[in-house]
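Q: Sequence first, then the predicted structure, then my questions.
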Amino acid sequence: MFRFIALRTLQAIPVILAVITVTFFLVRAAPGGPFSTEKAVSPQVQAALEAQYQLDLPMHQQYFNYLADLLKGDMGPSFKYPGRSVDELIFQGLPVTAELGFYALIIAVLIGTLAGVFAALKPNTAQDYVPMSLAMVGICMPSFLLGPLLVLVFSMWAGWLPVSGWGASPGDKILPSITLGTTYAAYIARLSRSGMLEVMSQDYLRTARAKGLPEHIVIFRHALRGGLLPVISFLGPAFAGLLAGSFVVETIFQIPGLGRFYVQAAFNRDYTMILGTTAFLATLIVLFNLLSDIVAALLNPRLRYQFGSK
Amino acid sequence: MPLLTVRDLSVHFHTRNGLVKAVDGISFDVEAGKTLAIIGESGSGKSVVCYSMLGLVPMPPGRFEGGSAMLGDRDLLTMKESELRKVRGKGISIIFQDPMTSLNPYMKIGDQMIEPLQLHFGMGKKEAWKKATETLAEVGIKNPEERMNAWPFEFSGGMRQRVVIAMALITEPEIIIADEPTTALDVTVQAQILKLLKELQQRRNIGVIFISHDLSVVADIADHICVMQNGAFVEQGSRDDIFKRASHPYTQKLLSAVPDTHKTQAHPDAEQPLVRVENLCTWFGGGKKTEPVKAVDNVSFDIRRGEIVGLVGESGSGKSTTGRSILRLLKPTSGSIQFDGKELAHLDMRQMKPLRRRMQMIFQDPYASLNPRMTVYDTLAEPLLLHRVVTRKELDTRVFELMDSVGLARQAVLRYPHEFSGGQRQRIAIGRAIATHPEFIVADEPVSALDVTIQAQILDLLLDLVDRFNLTMLFVSHDLAVVRYLSDRILVMKDGQLVEEGNAADVFDRPEQAYTRELLASIPGKSLLEQRASQL
Amino acid sequence: MSTVSASIQEQMPKGVSLWDDAWTRLKKNKLAMFGLGFLLFVGVICLLTPWIAPYGYEAQNLRLGASPPSAEHWLGTDTFGRDMLTRIMYGGRVSLMVGFIATAVALVIGVTYGAVAGYAGGKVDAVMMRLVDIMYALPFMIFIILLMVVFGRNLLLLFLAIGAVEWLTMARIVRGQVQSLRQMEYVEAAISIGQAPSRIIAKHLLPNVLGPVIVYTTLTIPSVMLLEAFLSFLGLGIQPPQSSWGLLISYGVETMEEYPWLLIFPGLALTLTLFALNFLGDGLRDALDPKASRD
């Protein structure tokens, strides 16, 4: 098993490097320099700024310098917020986004698997149709529509919950978490339903029933493990989706997280910030994909066996 | 007194497409130490009989329409689910067909085996584990202590089926239902499992319900046989009754479907072989460090014109690979293949094309060997047009002729494969193979996916075509009885190598190799054949 | 395709092809048929928008300002007094166009790539699919945002970028299909009668891959439309003066407290269309690919 993990981790390194490289050159290839919006700046000032940010060096030099700095954990200064480093901004936003993402993931996994398993127990009955129709709504109702609608109903009309903010007033974390988690709850519900149905038709469940096991043991001990494997594998992509979703949710609810920084940086053309955040988020996503791969493999005895430990 | 008395059992399914009488008023008794066999083709309802009694058939759509199933003084049909659970796995255990799928792949063997003990007897884990280990030893698993901690995929098919049997035995049930327990296994493994079942049954005085589609499998072990068709028993009786005095036409058809192992055809031997295979090797994979899989390893033989040569072996013996290599559907690693004096081994696909008209293949699975989006007409016309056998004008006539020769109604010419039964599909596939009037045909297990009564029809069709079109055939099969039925000569393969070769009669009556003897000893239904021989 | 002569066509009873079968199954699926009907309805309206729209795209009635639904303006007007129905119709043109064109891009890349990998097999396949695996691990959403930021909000780039993301799954599906079909005995049978590879692909492989491709295409369109709406909402997708449902939703959010209909109607248009596409996709899967119809 150790070999499997080591192998996968090694494979992730070139991917991360590729991500950083692509991002770096994409940003540098941008038409118009980072300061092109500020027309008033004189050529001399422009040159001074460029020197300060090492923009006058040859491209490959900049690239290697950047990589070297990255290794030291230094993502450089922000273009837009003079005097503040990208690291600072990222680590200021990260805890907020992480908390939001955590709640959303909990909602997605808990509600999703419960609904999916519940539906799969009695396929093609009301017990199946109701949660699956709701899941369909969740999939077709994007977060940028669901969020505002929730705000409209629960905050503006009913006045129960705050319109925006994070940790400033009681209950203001509820709506953003639900908004972010719903889509993935819906996907996970569909996924776990189909996974369970697949397993439920397997012969070994019939064997379990033929032993006289009561239905709840059949489901929990025999079916759940195989049935929920697809959900585990989906957690990697779901994490990437949640991060992207946080851009929207943090914008809607004005949450000072990484996602909102990123969107702002994109608008401001804050190149070091974009570069740093992209590299950081991309690495996170690659690592999370790796993690969900490893967990899925751990749950599969055959794979575990192939890589030589029982 | 019987262990289980079933009277007038009826199970109907109320489906969207109407009422299906899966089981329609059947009665039987299961006695201690005796084996009751239920024989029927796929879809006859034989599995529903047993599963419905134990509450393993979803209801609805299924529904009991009367009858009773008395286990002692209690009726299974009126029991509540919670009571039935106490019967399942304790009083009545089931052994399922496919051992590869009937064990949970995510649980260790030991954990699966102790479940019924903990459940029905409230045993502690340690005690249950000990008992499970003993039972594993009893069914012939070596190193049982160690194997308890193994995963299902670490066992071969035959060993898995032993585990499944052990799991069924572990609660010391009075009755065991064995649902086609050997159908998925190789013939020598099948013989071992049948023997094991018989021993265990006698040692423990268990009543067995043995469900099978194959009369010959139960011929040696059944005490009482019920023949089932369309949800009803058309005939039942002691084994002797059924074998000697079967009156229902369906039973007779089943009996005659077991190929007679004493029939041989005389075929003219030509001096020059049509196919000559020399030192053929077909290996797969293999790199710098890994050994290649030697599917076919240094095999040589001749096939004379007009001859039917049977190529016998168990799964993985390389028999299909040999057939495919000769037709150059696979590239041989080394060796020579001569067809009518012409060397094929080095030809590329384009050079092979003109020869393909003269050599053809019939495949195993008629559900996979026909393009589902092509009509019978298109399927049969494809080779005709490709090799310009006929002009466009003659095409219709020729397609109809082909359909006539393989026994398909002309009316069906525009139908698609999924509209046919397995046997009819195989007829279409045979029609395609003979379309270009080939000289040589490789038939790769052409009947093993078919019901037994259909098997006989297809075999007779093949024999008829061989005679009519003067075909030469390499008949690849795992089923010795079938091979014997139509082969002039027999080749036996094991682990990629040819172990024995000879005239059909010689190989069957005086096998030289131990492996061949083992194969022959594994042929099921010997008592049935002896029975028939004594009648003649 | 068929070589059947006319006389046989006339005289003999017709078989039921798998397509006929699938259509029969689809027709029984009410949700899917609703989806199909709704999509046709939306499609026709969007096609004819320039001729049937009740008002001009830019026509303002500043005197009116934002007004709730009324007899003159069925879906109300926005803050500039522009007819909402008209704006949603024009926005739908863009949203649907992005959905269809970007899906087409994904379809072309994915089918070609997957078919090549699946048919070639062996090492070529291993390398090609490993590449897809690696790309799966890439954070594409972030790349698309980056692309839109760096190169400006260009519609063509949007098509390419979205298409470039969505082709991965298509390639996997097609490759898996082709590979399993290649091992089908009927393909072997075609080889054994000497059929040329090109004809085998055309006659035996493609018609059988088509089903899953159609199904997945139908299911890709909504996810592409969502992506476009997502980007437009963030201000990184479609730019004014053009409009799309995502952009309209984004405007609607700004004023939703005072004028909720500006959010609700474009939201409804997007959601209903996505519903229809997903229903149709699920229905097609049940109809065309009964084995995979569990999810």
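A: Structure received. Residues are numbered from 1 along each chain as shown, chains lettered A, B, ... in the order given.
Q: Get me the contact residues on the stretch 51-200 of chain A for chain C.
A: Contacts of the stretch 51-200 of chain A with chain C, taken as C-beta under 8 Å from any C-beta of the partner chain, map to A:136-137, A:139-142, A:144-145, A:148-149, A:151-152, A:156, A:190-191, A:193-194, A:197-198. Where you see a C-beta, it was placed from the backbone N, CA and C, and this is true even at glycine.
Q: In contact with residue B:205: list those residues for me.
A: For residue B:205, the contacting residues are B:32-33, by C-beta atoms under 8 Å, 6 or more residues apart in numbering or on different chains.
Q: so how far is residue B:224 from it?
A: Distance of residue B:205 to residue B:224, computed by C-beta to C-beta, to the nearest Å: 16 Å.
Q: Which ones among the residues of the stretch 51-200 of chain A next to chain C map onto helices?
A: A:136-137, A:139-140, A:144-145, A:148-149, A:190-191, A:193-194, A:197-198 (DSSP state H).
Q: I'd like to know which of these are buried.
A: Neighbour-count burial (16 or more other C-beta atoms under 10 Å in any protein chain shown) applied to these gives A:136, A:139-140, A:144-145, A:148-149, A:190-191, A:193-194, A:197-198.
Q: For the residue of chain B most remote from its centre, I want the exact helix or strand it lies within.
A: In chain B, the residue that sits farthest from the middle, by C-alpha atoms, centre = their mean, is residue B:393; the gap is 42.5 Å. Per DSSP states H and E: residue B:393 is located in helix B:392-405.
Q: Contacts for that helix, please.
A: Helix B:392-405 is contacted by residues B:376-377, B:380-381, B:384-385, B:389-390, B:409-410, B:412-413, B:431, B:434-435, B:465, B:468, C:3, C:5, C:7-8 when judged by C-beta under 8 Å, 6+ apart.
Q: what's the spacing between residue C:49 and residue C:84?
A: 14 Å.
Q: Those two: which is more packed in?
A: Remark: of residue C:49 and residue C:84, residue C:84 carries more neighbours, 26 against 17, as counted by other C-beta atoms under 10 Å in any protein chain shown.
Q: wait, that one sits on residue C:70?
A: No - with contact defined as C-beta atoms under 8 Å, residue C:84 does not reach residue C:70; the gap is 10.8 Å.
Q: Find residues that contact each of these two.
A: Common neighbours of residue C:84 and residue C:70 (criterion: C-beta under 8 Å, 6+ apart): residue C:76.
Q: hmm, stretch B:427-447 touching chain C?
A: Yes - interface with chain C: stretch B:427-447 contributes B:429, B:432, B:436 (C-beta under 8 Å from any C-beta).
Q: give me the element the residue nearest to residue B:5 when sequence neighbours are not counted is part of.
A: Residue nearest to residue B:5 in three dimensions, not counting chain neighbours: residue B:70, with 4.5 Å by C-beta to C-beta, 6 or more residues apart in numbering or on different chains. Assigned by DSSP H and E, residue B:70 belongs to strand B:68-71.
Q: Show residues contacting stretch B:459-475.
A: By C-beta under 8 Å, 6+ apart, stretch B:459-475 touches B:259, B:265, B:274-275, B:303-311, B:323, B:326, B:405-407, B:427, B:430, B:434, B:437-443, B:446-447, B:482-483, B:485-487.
Q: Next, the buried residues of that stretch.
A: Burial within stretch B:459-475, assessed by neighbour count using 16+ other C-beta under 10 Å, is assigned to B:459, B:461-463, B:465-466, B:471-475.
Q: Stretch C:22-39 too?
A: Quick answer for stretch C:22-39 (16+ other C-beta under 10 Å): C:22, C:25-26, C:29, C:31-32, C:35-36, C:38-39.
Q: ok, back up a step: from the contacts of stretch B:459-475, list the buried ones, please.
A: Among these, those classed as buried by 16+ other C-beta under 10 Å are B:259, B:274-275, B:303-311, B:323, B:326, B:405-407, B:427, B:430, B:434, B:438-443, B:446-447, B:482-483, B:485-487.
Q: For the most centrally placed residue in chain C, give its distance to residue A:248.
A: Geometric centre of chain C, nearest residue: residue C:221, 1.9 Å, by C-alpha atoms, centre = their mean. Going from residue C:221 to residue A:248 by C-beta to C-beta gives 21 Å.
Q: can you tell me if stretch C:200-216 touches chain B.
A: Yes - Stretch C:200-216 is in contact with chain B by C-beta under 8 Å from any C-beta, via C:203-204, C:207-208.
Q: isn't residue B:92 right up against residue B:178?
A: No - here residue B:92 does not reach residue B:178: they are 11.5 Å apart, not a contact under C-beta under 8 Å.
Q: which ones are touching residue A:261?
A: Residue A:261 touches A:89-90, A:93, A:273, A:277, counting by C-beta under 8 Å, 6+ apart.
Q: before we move on, what about residue A:274?
A: Contacts of residue A:274 (C-beta under 8 Å, 6+ apart): A:23, A:27, A:262, A:265-266, C:146, C:149.
Q: helix or strand for it, which one?
A: helix A:271-298.
Q: okay, stretch B:202-220 in PDB with CA atoms only?
A: Provided in PDB are the C-alpha atoms of stretch B:202-220 (Å, rounded to 0.1, in the frame of the first residue of the first chain):
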ATOM      1  CA  GLN B 202     -24.600 -38.500   3.200                       C
ATOM      2  CA  ARG B 203     -22.300 -37.700   6.100                       C
ATOM      3  CA  ARG B 204     -24.700 -35.100   7.500                       C
ATOM      4  CA  ASN B 205     -28.000 -36.600   6.300                       C
ATOM      5  CA  ILE B 206     -29.100 -33.400   4.600                       C
ATOM      6  CA  GLY B 207     -31.900 -33.000   2.200                       C
ATOM      7  CA  VAL B 208     -30.700 -31.400  -1.100                       C
ATOM      8  CA  ILE B 209     -32.700 -29.500  -3.700                       C
ATOM      9  CA  PHE B 210     -30.500 -29.400  -6.700                       C
ATOM     10  CA  ILE B 211     -31.500 -27.000  -9.400                       C
ATOM     11  CA  SER B 212     -30.000 -27.400 -12.900                       C
ATOM     12  CA  HIS B 213     -30.600 -26.900 -16.500                       C
ATOM     13  CA  ASP B 214     -28.500 -30.000 -17.300                       C
ATOM     14  CA  LEU B 215     -29.900 -33.400 -16.900                       C
ATOM     15  CA  SER B 216     -26.600 -35.100 -17.100                       C
ATOM     16  CA  VAL B 217     -25.200 -33.200 -14.200                       C
ATOM     17  CA  VAL B 218     -27.900 -34.500 -11.800                       C
ATOM     18  CA  ALA B 219     -28.000 -37.900 -13.400                       C
ATOM     19  CA  ASP B 220     -25.400 -39.300 -11.000                       C
END
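Q: Following the chain past the lowest-mean-pLDDT helix or strand in chain A, name the next helix or strand.
A: Here the helix or strand of chain A ranked lowest by mean pLDDT, DSSP states H and E is helix A:43-52, holding a mean of 62. Sequence order places helix A:59-71 as the next helix or strand after helix A:43-52, per DSSP H and E.
Q: hang on, residue A:243 packs against residue A:283?
A: No - counting by C-beta under 8 Å, residue A:243 does not reach residue A:283; the two are 11.5 Å apart.
Q: Looking at the two, which is more packed in?
A: Per other C-beta under 10 Å, whichever of residue A:243 and residue A:283 has more neighbours is residue A:243, with 23 against 18.
Q: tell me which element that one falls in.
A: Assigned by DSSP H and E, residue A:243 belongs to helix A:229-252.
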